[in-house]
Each structure stands twice: as C-alpha cells, then as structure tokens.
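**Q** from the sequence below, what's the structure:
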Amino acid sequence: MSPRPRARTALSCLGLAAAVFLAYGRTAGHVFVAYDTGTYVTENPWVLRGLSLDGVKWAFTHAYAANWHPLTWLSHMLDVEVFGLRAGLHALENVAWHAANACLVLLVLERMTGAWGRSLFVAALFALHPLHVESVAWIVERKDVLSTFFGLACLLFWTGWAMEGRRSAYALALACLALGLSAKPMLVTWPCVLLVLDFWPLGRASLGARRLLLEKLPFFALAALSGVATVLAQGGGGAVQSLSNLPFSSRAANALLSYAGYLGKTLWPTNLAFYYPHPVQGYAPAQLALAAFVLIAASAAALRLRRSAPWFLAGWLFYLGTLVPVIGIVQVGGQAMADRYTYVPLLGLFLIVAWGSCALGAAIPRLRALLAPLAVAVSTGLGFLAWQQAGTWKDTTTLARHALAVTRDNHVAHDVLGIAILEAGRLDEAAEQFREALAIAPGDVEAASNLGGALQRQDRFPEAEAVLRKALALSPRRGMLHRRLAIVLQFEARLPEALSEIDFALALAPDDAVALHVRGQLLDRLGRPGEARTALERSVEVAPLYTAARLTLARLLLHQGEVDAAEREIARAIAAEPGNAEAHRGRARALLLRGREGEALDELRETLRLAPEWPVAMGDMTWILARSADPARRDPRAAVELGERAVRASGERTSGVLDALAAAYAASGRFAEAAAAAEKALARAREVGESDLAARIEKRLTAYRAQTIDPETPR
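**A** As a prediction, the model looks like this:
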C-alpha cells in the first residue's frame, strides 16, 4: 500500500472513531442497569476486587454466570481497578472497543479486496447501525466487542498468511482466535468463516478442499474446545432450556423467524428492545411461510449468482453461518431474539449492500454519481437512530419502559421495571410489576424472587413465603429462591428453617456473598457467634466491597468486645462507601463502648443527616439524651420528642427503639409510660427472637414498675 492510500485509510479510521463517539458519547452519563449487570460487575465478588492474581486464576478455572469467558472477566476486573464503579467510564470503554472494531472492518476488507470505498461503507454501517447499540451501550456486552476485536484481528492476520504465506501471520491468527473465544464463544464458526473467505475475496478455492481444510484443523480444534466448555458452563449454570420447556418444533420455528426478523430489522431498525419474548400465542403459519420464502429466495439467488457476484454468496453464507450459535436451536436464556446476536453476522449483509450498490452503479451509470452521497446519507441516518437507541440504556427505568412500549407480553421488562421501582421504595407499584411478569410467565423465578422481596419489605411474610415456595416447586435448584426464602423465614423468627434454606443455597453457590451474610446473621441469632463470624469473614473475603456484610461483622465483633477489630471493619466500610449511614452508626456504637460519648453523638448526627428518618439511629440518640453520664448532655425532654418520632417512623415494630423511648420516659419521671413502652419492646424482642435484648429489657421493666431506673443493665 503506497503512502497516499495509507494516509487515506488512517484518516478514514479517525473518521469512523469520531462517528462512533458521536453516536455513543451520551453513554458517559449512563448508570448501571438492573439487567445482569450485578452478575457481571456490581455484585460480582471477583470483579469487585479489581485485577489480582487470584482473580486471574478464578477467571480461567471457573464457569460463572453460565459462561466460561476469562478474558471478559479480566476486562471487567481491570475496569473496576482503574475506574471503580463509575458506570459511564465502563460504557465508554465499550465504545472504544466498538470504534476499534469498525476500524478493523475497514482494514480487513480493504486488505482482502483493495476496494477502499466499499470497505469504508461496510465499516460505517457496522459502526452506526442501531442493531449494534445493545452490544455497545450495555456494559455487560463487553464480551461482544472484545471477542469481535480479536476475531477481526484473526482475519487480518489470516490475510497475511493467505496472501503472503507468512507463518508468523498464521500463528498470530490462531492466537487471536483463542483470545476471541476466551472472551465469548460466538467465534466458534470462525474456521468456517475462513473457508468462506477462501472462496471470496481471497480466491484460494483452486488450492483444493483438502489443503484448505487441513490448514484450518487447529482453528477447528480451538472452536471445538470452546464449544465443549460453553456447553458444560451453560448446562451447569442452568442457562440451557430443556426441550420440555421449549420443544424443538418451537425452536425451529423461532430460528426461521429470527433469520428473517434480523433481516427486517437490518433494513428497518425500529422497535428495538433489550429483550424479545417468545410469542405467547405461538407462531403464525403465514409468518413462517413468508420467512421461509425470503430465506429460500435469497439462498437461491446467492447460489445462482455465485460466479458473477461471488460477494453475494460469501456475504449470505457469513450471515447464515455466524448466526448458527445463537439462532435458538440450542436455546440459552429465554429470549426469542436479541440485537446483540447480530453484532458479527450483520457484516455479511453489509458486505452484500456495499458490493451490490457498486454493482448496481456499474449497471446503471446514472446512479454511479449518487452512490457516495447516498452512502453518507444512509450512514448519517443510521447514526442518528443509534444515538436515539443508545439513550434507552440511560437507566433501568428508561430501558424497561421503552421495551414495554415496543413489545408485547414482555415479562422480563416488567420484572426489570419492578426492580427499578423497588429501589425507589415504591413497594406496591413494584409488586404489581412483578405480578404482571408472573402472569405472563409463571415460571419466571427472578420475578418470583423479586415479588417475595417486595412482600417481605411490606412485612407480608406469609404471602412472600407462598410466592417463593411456589417458584421453588418449579425450580428447586435456584439458589436465589432458597436465599430469599431464608430471609423471609428469618423475619418470621423461624431461625432453624431459615438456616436450612440458606445452607441449601450455599450448597448450590458456595461463594454467594449475600447468602454467607445471611448465614452469619442467622448463626448469631441462634447463639453460635463463632460460626457466625466465620461466615461473615468469608462473605467479606469473597466480596470486599460488600458493606452490609462488613458492618454485620463489625456489630458481631462489638458484641464480643473486640472494639479494635470492629473499628477496622467500620473504617473499611466507610472508605468503600462514605455516605453509608449504617457505617457511621456503627462507628458511633464503637465510640460509646470506648466512653467517647461526645464523638459518638457527632457520628449519630452525621448518621441522621444521611438518613433523617432512620428509627434505629434516632433510638441511639434518644438513649444518650436520656441516660448520658454527663449532665450537660442529658436532655430528657428532647429524648422523649426524638424517641416518639422514632417509634412512629418504625411503626412500633423495632424493639430497640421502643426500649429507648421507655428510657426517655423514665428519665422524665413518666414511669407508667416507660413501663408501657418497655412492655411493647419486650413483646417485640421475644417475637423476633432477640433473647439477649429481651432479658435486658425485662430488668429495666422491673425497675420502671418500681418507679426507678436500673443503672446497671447495659443497653
């Protein structure tokens, strides 16, 4: 390539990158969405540690989230190491990989064909088509952009081998395929892609089928190993749907419609959604017939024109072949289609469009001058649509509401919207979304778990238990359901049953940090503090940024008198999450144990600044105002006002808050009211299994009934 074409190609790559960042730059302001992002980033204990030797070992030796893709895990770990949990920067890295991929498309095609203009048009279509938004804007799909980068690099090096016979290029092509497969197994069809490219544009068919196959045996071996690893990982992770859930006839029908459907969305990219459910009413015969006609007609045309237009057959085979792993014959997940599945296959269609346009221009000279402006117009229009579609990934609510607006019977969109509403604290609305999801898909275990959680937060424990047990009857080996049921049983003070459920959940997922946290809480309440501590220490070991477990461990250490160790855990929690009100409350408790009451009050004021209506923190301050050893800090009247406010905020359901109010009444000389509040506190403590607290409240109650204050019994 002469200097002038090299400069032209370099400028083209800069233009492609600029176009990609214009279309996707808005993702810098996006947040993590509640759709698989927890599994991949925000709740993944290994990713949250950042990049480490242990993390590298785990990535290569474990199948997680029903996948074995170590390079993807390492990429997410590196992001956390460098960017923390700033979602916009994670998203921009996806954008950068996509820009690099667009440039590689240009380099590969131009090297293979020598046709700069057509190659640039294919690269522009790849860069800006809205069907690719999911692969770029969804942080979880790092695996798509990463694997494609190495897949395209493999093609670039393969061209060096095919054209020049360089063994180093052959070795680099093989290495790139290995890297691409370790990011996502989508490239299992790549050896077949190399055979298609041998036909066109590399023109190597004359070398004979035997030689062409033999030289690709190492590539087929890599693909086979990746396929086996993927089947084992997805089967073990429960992602592969059984034939009883989705019969083969339905899969075949869906595959046929998907091939045609992706074609339609390529030509008219509207009503795109993050999840497309299988049709509740089944597949219409007319749709199937039309889809079959389109595919047969296109295939027949490609075969008929194989000599005069070999690019048509090559592009069509590329499209059909690279979709095979995700077309749904082996059904992974519950979706009927997915935009992300087109990230690689659309290159075949784009190639047909670009080379077909030029062929049309050659046949009709009047059109030739219009081709370049038309290509610019099409690319610009697609870029605008991609910019719009990228905006739907702004946050969970926007994503889910858009999907509900453009699809029907979308139980996953209802579930995801419910999660967003639940996080906003609107429990009734969230529960309604989860019920909508279950009405559409009764076997949706995520919706059942989420509904159970919403009902639990409303103290509707029997209803929550019924929902979860019904879901467990359908999916008895789903750890999340056992974990959720354990939490509900814990709230009902059915501690042995809860422990049995959480142990079952941990048998299914031993490194589930949340389940380990729940187990620690249960063992502590069952009077087994040593085992509780072991569970909690393991929880924070596998998830160092899991603040809730670290604070529970700190509370346990405080109860055991290990104030120094507790303060270290609290300091780590505040460092990880400075605005965590519970962490500041924990520091206040540690300061109280050291007798530093003034500093403890300052921490409680900070706690209530962060969480103004938190009853437990108000109860802590109430106790100090009522019972402080320093007369300058005692203020019984303020203690009563704050304590009554705390009891109202808690709905009279928190024994410690009722106990603090009783102390405030007693400090004000209102012993009858103190005794009444203490009686409620005692009943509530016994109801929820807080036996130690109940014993202390009972001693104070005896004193109140005698018109005195018990100065000896600690809080």
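
**Q** which residues touch Ala59?
**A** 46, 70-71, 73-74, 77 (Cβ atoms under 8 Å, 6 or more residues apart in numbering). Every residue, glycine included, has its C-beta placed from N, CA and C.

**Q** farthest-apart pair in those, please.
**A** Trp46 and Leu71 (14.0 Å; Cβ to Cβ).

**Q** before we move on, back to that, how about the contacts of Ala59 in a markdown table, adding pLDDT and neighbour count?
**A** Output for the contacts of Ala59, formatted as a markdown table (pLDDT from 0 to 100; neighbours: other Cβ atoms under 10 Å):
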| residue | pLDDT | neighbour count |
| --- | --- | --- |
| Trp46 | 85 | 22 |
| Pro70 | 96 | 20 |
| Leu71 | 97 | 20 |
| Trp73 | 97 | 27 |
| Leu74 | 97 | 19 |
| Met77 | 96 | 23 |
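
**Q** filter the residues you listed down to the ones in helices?
**A** 70-71, 73-74, 77 (DSSP state H).

**Q** I'd say Asn67 and Ala233 touch.
**A** Yes. In this structure, Asn67 is within contact of Ala233 by Cβ atoms under 8 Å, at 5.4 Å.

**Q** go through the ones in helices among the contacts of Ala59 and say which is closest to Val136.
**A** Among the ones in helices among the contacts of Ala59, and counting by Cβ to Cβ, the member closest to Val136 is Leu71, at 17.8 Å.

**Q** distance of the closest one relative to Val47?
**A** Leu71 sits 13 Å away from Val47, going by Cβ to Cβ, to the nearest Å.

**Q** what touches both of these two?
**A** If you check Leu71 and Val47 against Cβ under 8 Å, 6+ apart, no residue is contacted by both.

**Q** where does the chain dip in pLDDT?
**A** Applying pLDDT under 70 to the chain flags the ranges 1-3, 234-246, 331-333.

**Q** can you give me the buried ones in stretch 667-686?
**A** 667, 670-671, 673-682, 684-686 (16 or more other Cβ atoms under 10 Å).

**Q** contacts for it?
**A** 626-627, 634, 636-637, 639-640, 647, 652-656, 658-659, 661-663, 665-666, 691, 693-694, 697-698, 700-701, 704-705, 707, 709.

**Q** report the buried members of those residues.
**A** Buried among these (16+ other Cβ under 10 Å): 626-627, 636, 639-640, 647, 652, 654-656, 658-659, 661-663, 665-666, 693-694, 697-698, 700-701, 704, 709.

**Q** closest one of the buried residues of stretch 667-686 to Tyr276?
**A** Using Cβ to Cβ, these come closest to Tyr276 at Arg684, 48.6 Å.

**Q** on the three-state scheme, that closest one is what?
**A** At Arg684 the chain is in helix, as set by DSSP: H, G, I helix; E, B strand; the rest coil.

**Q** from Ala253, how far off is it?
**A** 57 Å.

**Q** can you give me the neighbour number for the nearest residue to Ala115 once chain neighbours are set aside?
**A** Leaving out its chain neighbours, the residue that sits closest to Ala115 by Cβ to Cβ, 6 or more residues apart in numbering is Leu109, at 7.3 Å. Neighbourhood size, Leu109 [other Cβ atoms under 10 Å]: 27.

**Q** buried set for the helix or strand that contains Leu109?
**A** According to DSSP states H and E, Leu109 maps onto helix 87-113. Buried residues in helix 87-113, counted by 16+ other Cβ under 10 Å: 87, 90-113.

**Q** that one packs against which elements?
**A** helix 3-24, helix 70-83, helix 116-128, helix 133-137, helix 142-164 (3 or more Cβ pairs under 8 Å, 6 or more residues apart in numbering; DSSP states H and E).

**Q** out of those, the one nearest Leu472 is which?
**A** helix 70-83 (29.8 Å).

**Q** about what we covered before: could you measure from the residue nearest to Ala115 over to Leu202?
**A** In terms of Cβ to Cβ, Leu109 sits 12 Å off from Leu202.

**Q** can you check Leu290 too?
**A** Relative to Leu202, and taking Cβ to Cβ, Leu290 is found at 35 Å.

**Q** who's more crowded, those two?
**A** Leu202 (18 against 14).

**Q** quick one: contacts for that one?
**A** 112, 159, 162-163.

**Q** hang on, the earlier thing: in TSV, list the helices and strands packed on helix 87-113 along with distance to Ala336.
**A** Formatted as TSV, the helices and strands packed on helix 87-113 follow (distance: least, Cβ to Cβ, whole Å):
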stretch	distance to Ala336
helix 3-24	26
helix 70-83	24
helix 116-128	24
helix 133-137	15
helix 142-164	19
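
**Q** out of those helices, which is the most enclosed?
**A** helix 133-137 (a mean of 27; mean count of other Cβ atoms under 10 Å).

**Q** tell me how far it lies from the chain's centre.
**A** 14 Å (Cα atoms, centre = their mean, to the nearest Å).

**Q** do the same with stretch 20-28
**A** Relative to its chain's centre, stretch 20-28 lies at 21 Å (Cα atoms, centre = their mean).

**Q** show me the contacts for Leu526.
**A** Neighbours of Leu526 in contact, by Cβ under 8 Å, 6+ apart: 495-496, 499.
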